[in-house]
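Chemist: Generate coordinates for the sequence data below:
(chains A, B, C, D and E)
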Amino acid sequence: MQDKKVGLADTMFARYDMASIARQELEDSGVTVERYTVPGFKDLPVASKKLIEEHGCDTVIAMGMAGSADVDKTCAHEASQGLIQAELDTNTHIIEVFVYENEAKDPEGLEEIFQDRVKKHARNALKLLRGKTELTINAGEGKRQGHSDAGPIDEE
Amino acid sequence: MQDKKVGLADTMFARYDMASIARQELEDSGVTVERYTVPGFKDLPVASKKLIEEHGCDTVIAMGMAGSADVDKTCAHEASQGLIQAELDTNTHIIEVFVYENEAKDPEGLEEIFQDRVKKHARNALKLLRGKTELTINAGEGKRQGHSDAGPIDEE
Amino acid sequence: MQDKKVGLADTMFARYDMASIARQELEDSGVTVERYTVPGFKDLPVASKKLIEEHGCDTVIAMGMAGSADVDKTCAHEASQGLIQAELDTNTHIIEVFVYENEAKDPEGLEEIFQDRVKKHARNALKLLRGKTELTINAGEGKRQGHSDAGPIDEE
Amino acid sequence: MQDKKVGLADTMFARYDMASIARQELEDSGVTVERYTVPGFKDLPVASKKLIEEHGCDTVIAMGMAGSADVDKTCAHEASQGLIQAELDTNTHIIEVFVYENEAKDPEGLEEIFQDRVKKHARNALKLLRGKTELTINAGEGKRQGHSDAGPIDEE
Amino acid sequence: MQDKKVGLADTMFARYDMASIARQELEDSGVTVERYTVPGFKDLPVASKKLIEEHGCDTVIAMGMAGSADVDKTCAHEASQGLIQAELDTNTHIIEVFVYENEAKDPEGLEEIFQDRVKKHARNALKLLRGKTELTINAGEGKRQGHSDAGPIDEE
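Modeler: Sure, this is the predicted structure:
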């Protein structure tokens, strides 16, 4: 993966340094990392597109945190739509890693989610770079990021 | 249909191996199958577009499962909008096969829905490949996938 | 109108053969009709765009029925957004004719809505083909399709 | 403004002849007017884009009325999204003038809103044609169309 | 920053002269400022795109105020989607600065939000012009505009 470049788009709004977790997780893979920090997650779609089109990234991990108010959910929705549009504009995967502030009851719980979700999605991003069936071994397995896996329904 | 290629885009998030049902259903038709597995269904639009533009697929079946929380419904909505956009970008059908985790009360009921919906939509995808009036015989017939047909209103 | 082609995009999901009403209504006008049947109304945007770009249609009537669950309304919303996008992509009118299953209390009431809405919109489609002020005589008149006209407010 | 062309896109669905108010308001400015009447406001985005791209309009006033049901609000939302997309596609202002049927208690109140909102927005459209700072004198002044101005907060 | 141009897109609807705060904040940086005033925030996406494509702006600060009714929130949502689309169309940052009328209880509180949010975002816009890691020092720090910072979760 020496010849691959991974973009890390992150925000000042988030209450945890998500990009540093991602950078650490990617370290051993040999990929080059390009970081792009924006104010909030609505700024992530254009930052991700610029990482791909102007900075030569082969994929982007777009990281943000949503507050717990209704307006925050609307913002997250708009950011997600923009990220999907940016993917379609570039034919490139942008892995969205959003954490909702009300997913955990306390900072410790939230930190665990940040760590787990970013790490797993960093690994997913690498696998998608390797090829379109690299994740097929886990297809339909009820895999989760930030929480424990749900598992396949027939093992319930 | 020997010269046709069908893309199967599926997810690790889903709790059932939907792509394998589709593959089996397509087997006798002679079409070639290309699989693309992504983390969750928000990754399906770009995967579907890549299957069409980079892997030569003539149509794609995009399969995913939505959880039962409100945020899962929003994600499904975003994925659907992206899939429609990808269709318009490519003038190619992408058959969306989404299952909602709360559509059935137990794993057995859910499995039936997965099986029925994927199989029927695999057949629909093949028919659309054959021509734009291949499904006309069933137009207005209240056809359903994953549940029994509603039927036409004048037979109620 | 001999040289004009009208696309009829319809679905297997609908519980009434909407395209046949439209075909009948268009019969005397001399236009050529091209039909395209898809599984559900989310498949209508790309079908409509293909009717315009690949089958030479000058306008399209896109017909579908929405179920009464919340998810059905979301699907109708996504389909509508896609149809508007397809119109902007092609600079061509696509007349959306959607019927909501809960608009009437019984099959008879629903049938009346199907008949009235499709017929009136088929006529609207023809008039839009003739020119941009063909409908101006009815501008601001509170015209409805599927229900009786609301009329202008100053006649209330 | 003799060399400028203003498009008036209006609907049969609306219960008031909005385009005629606009035409009257524009009369003394010397601009040419092109009218385009469509069935409902979901048809306005493509009509507005055609007025710009096929009929040479320098700006468009897109006028419609929304009913009071939930589905009407969704339709207005879709129309608004389409109008914004059409603006981005053409780099041209399309002034949206929508009236909600439940904004007033009686036809008289509604008529006042129709008259005031269309007239003010017709003047806004003309000013935007003259240049990007023609409205700057009123920036931050809490200007409203269809209702009395809210005014700046420091004059409250 | 002498060679950079910053667009200021603002509205007559807002009840505070947001663009003047921004202009003041940008003064010492040496950038050139181009202002564009529109009626309401739905007009901001195309104004921002024109500032970039027709007036040579390197970035835009798009400022608006949302009323407290439900329809105002929908309008803000549509404006946000349009701004993100304009960013993707131009590969250029458009910093959205929206204030909701119900964010504060009285005009004084609202004025504080207007001042703080516009100033901080003007500084953010300048930093993004300087480079993609200029804001990285604050990544994950829970930075807010218009309210006091939330801070990182591990300092809670």
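Chemist: From the centroid of chain A, which residue is nearest?
Modeler: The residue lying closest to the centre of chain A (Cα atoms, centre = their mean) is A:Val97, at 3.0 Å.
Chemist: Just confirm that one is within a helix.
Modeler: No. Assignment of A:Val97 by DSSP: H, G, I helix; E, B strand; the rest coil gives strand, placing it outside any helix.
Chemist: what's the distance between it and chain B?
Modeler: 10 Å (Cβ to the nearest Cβ, to the nearest Å). Placement of C-beta: from N, CA and C, glycine included.
Chemist: likewise A:Ala69?
Modeler: Using Cβ to the nearest Cβ, A:Ala69 is found at 14 Å from chain B.
Chemist: Local confidence estimate at that residue?
Modeler: pLDDT for A:Ala69: 85.
Chemist: and the residue nearest to the centre of chain A, what does it touch?
Modeler: Residues near A:Val97 by Cβ atoms under 8 Å, 6 or more residues apart in numbering or on different chains: A:18, A:22, A:61-64, A:117-118, A:121, A:145.
Chemist: For chain C, give me its nearest residue in chain A.
Modeler: In chain A, no residue comes nearer to chain C than A:Gln81, which is 10.7 Å away by Cβ to the nearest Cβ.
Chemist: right, and that residue touches B:Gln81 too?
Modeler: Yes. Contact criterion Cβ atoms under 8 Å: A:Gln81 and B:Gln81 qualify, at 6.6 Å.
Chemist: any idea which element the residue of chain A found nearest chain D lies in?
Modeler: Relative to chain D, the nearest point of chain A is A:Gln81 (10.7 Å; Cβ to the nearest Cβ). Using DSSP states H and E, A:Gln81 falls within helix A:70-90.
Chemist: what's the angle between that helix and helix B:70-90?
Modeler: Angle of helix A:70-90 versus helix B:70-90, following axes from the mean of the first three to the mean of the last three Cα atoms, to 10 degrees, is 30 degrees.
Chemist: Return the distance of helix A:70-90 from the chain's centre.
Modeler: 13 Å (Cα atoms, centre = their mean, to the nearest Å).
Chemist: Return the list of helices and strands in contact with that helix.
Modeler: helix A:44-53, strand A:59-66, strand A:94-100, helix B:44-53, helix B:70-90, helix E:70-90 (3 or more Cβ pairs under 8 Å, 6 or more residues apart in numbering or on different chains; DSSP states H and E).
Chemist: And the contacts of the following helix or strand past the shortest one?
Modeler: Which is strand A:94-100. Counting by DSSP H and E, the element after strand A:94-100 in chain order, helix or strand, is helix A:107-130. With contacts defined as Cβ under 8 Å, 6+ apart, helix A:107-130 is touched by A:1, A:4, A:6, A:15-16, A:18, A:21-22, A:25-26, A:29, A:31, A:58-59, A:61, A:63, A:93, A:95, A:97, A:99, A:101, A:103-104, A:134-135, A:145-147, B:12, B:38-39, E:153-154, E:156.
Chemist: quick one, phi psi at A:Asp10?
Modeler: phi -140, psi 180 (degrees, to the nearest 10).
Chemist: and it, how many neighbours?
Modeler: 31 (other Cβ atoms under 10 Å in any protein chain shown).
Chemist: CA-only coordinates of the helix holding A:Gln81, as CSV, when you get a sec.
Modeler: Taking C-alpha atoms only, helix A:70-90 is exported to CSV below (Å, rounded to 0.1, in the frame of the first residue of the first chain):
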residue,chain,number,x,y,z
ASP,A,70,-32.6,18.2,16.6
VAL,A,71,-30.8,20.8,14.5
ASP,A,72,-27.6,18.7,14.9
LYS,A,73,-29.3,15.7,13.4
THR,A,74,-30.4,17.8,10.4
CYS,A,75,-26.8,19.0,10.0
ALA,A,76,-25.5,15.4,10.1
HIS,A,77,-28.1,14.5,7.5
GLU,A,78,-27.0,17.3,5.2
ALA,A,79,-23.3,16.4,5.6
SER,A,80,-24.1,12.7,4.8
GLN,A,81,-26.0,13.7,1.6
GLY,A,82,-23.0,15.8,0.6
LEU,A,83,-20.5,13.1,1.3
ILE,A,84,-22.5,10.6,-0.9
GLN,A,85,-22.7,13.2,-3.6
ALA,A,86,-18.9,13.8,-3.4
GLU,A,87,-18.4,10.0,-3.7
LEU,A,88,-20.5,9.9,-6.8
ASP,A,89,-18.7,12.9,-8.3
THR,A,90,-15.3,11.2,-7.8
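Chemist: which stretches of chain A have low pLDDT?
Modeler: Low-confidence segments of chain A, defined by pLDDT under 70: A:156.
Chemist: interface residues of it facing chain C?
Modeler: Listed as neighbours of chain C in chain A under the rule Cβ under 8 Å from any Cβ of the partner chain: no residues.
Chemist: circling back to that earlier point, closest one to E:Gln85 out of the contacts of A:Val97, please.
Modeler: A:Ala62 (16.7 Å; Cβ to Cβ).
Chemist: That closest one: what's it in contact with?
Modeler: A:9, A:41, A:44-45, A:47-48, A:83, A:94-97.
Chemist: sorry, back to before: so which of the helices and strands packed on helix A:70-90 is the most surrounded?
Modeler: Across the helices and strands packed on helix A:70-90, averaging neighbours per residue (mean count of other Cβ atoms under 10 Å in any protein chain shown) puts strand A:59-66 on top, at a mean of 28.
Chemist: so what strands line up beside it?
Modeler: strand A:5-11 (parallel), strand A:94-100 (parallel) (DSSP bridges).
Chemist: from the chain's centre, how far out does that strand sit?
Modeler: Mean C-alpha position of strand A:59-66 versus that of the full chain (Cα atoms, centre = their mean) differs by 4 Å.
Chemist: ok, now stretch A:53-66?
Modeler: Distance of stretch A:53-66 from the chain centroid (Cα atoms, centre = their mean) equals 8 Å.
Chemist: Could you do stretch A:35-44 as well?
Modeler: Distance, stretch centre to chain centre, for stretch A:35-44: 12 Å (Cα atoms, centre = their mean).
Chemist: Just the endpoints, please. Distance across that stretch?
Modeler: Taking Cα to Cα, to the nearest Å, the first and last residues of stretch A:35-44 lie 12 Å apart.
Chemist: And chain D, is it touching that?
Modeler: No. Judged by Cβ under 8 Å from any Cβ, stretch A:35-44 stays clear of chain D, getting no closer than 15.7 Å.
Chemist: so how far is E:Gln81 from A:Ser48?
Modeler: Separation of A:Ser48 from E:Gln81 (Cβ to Cβ, to the nearest Å) stands at 16 Å.
Chemist: Which among the helices and strands packed on helix A:70-90 is found nearest to D:Asp70?
Modeler: helix E:70-90 (11.1 Å).
Chemist: just the angle between the closest one and helix A:44-53, please?
Modeler: 10 degrees.
Chemist: Pull out the buried positions in stretch A:3-12.
Modeler: Applying a neighbour-count criterion of 16 or more other Cβ atoms under 10 Å in any protein chain shown, the buried positions in stretch A:3-12 are A:4-12.
Chemist: Quick check: the farthest pair among the residues you listed?
Modeler: Farthest pair in those, by Cβ to Cβ: A:Lys4 and A:Met12, 27.1 Å.
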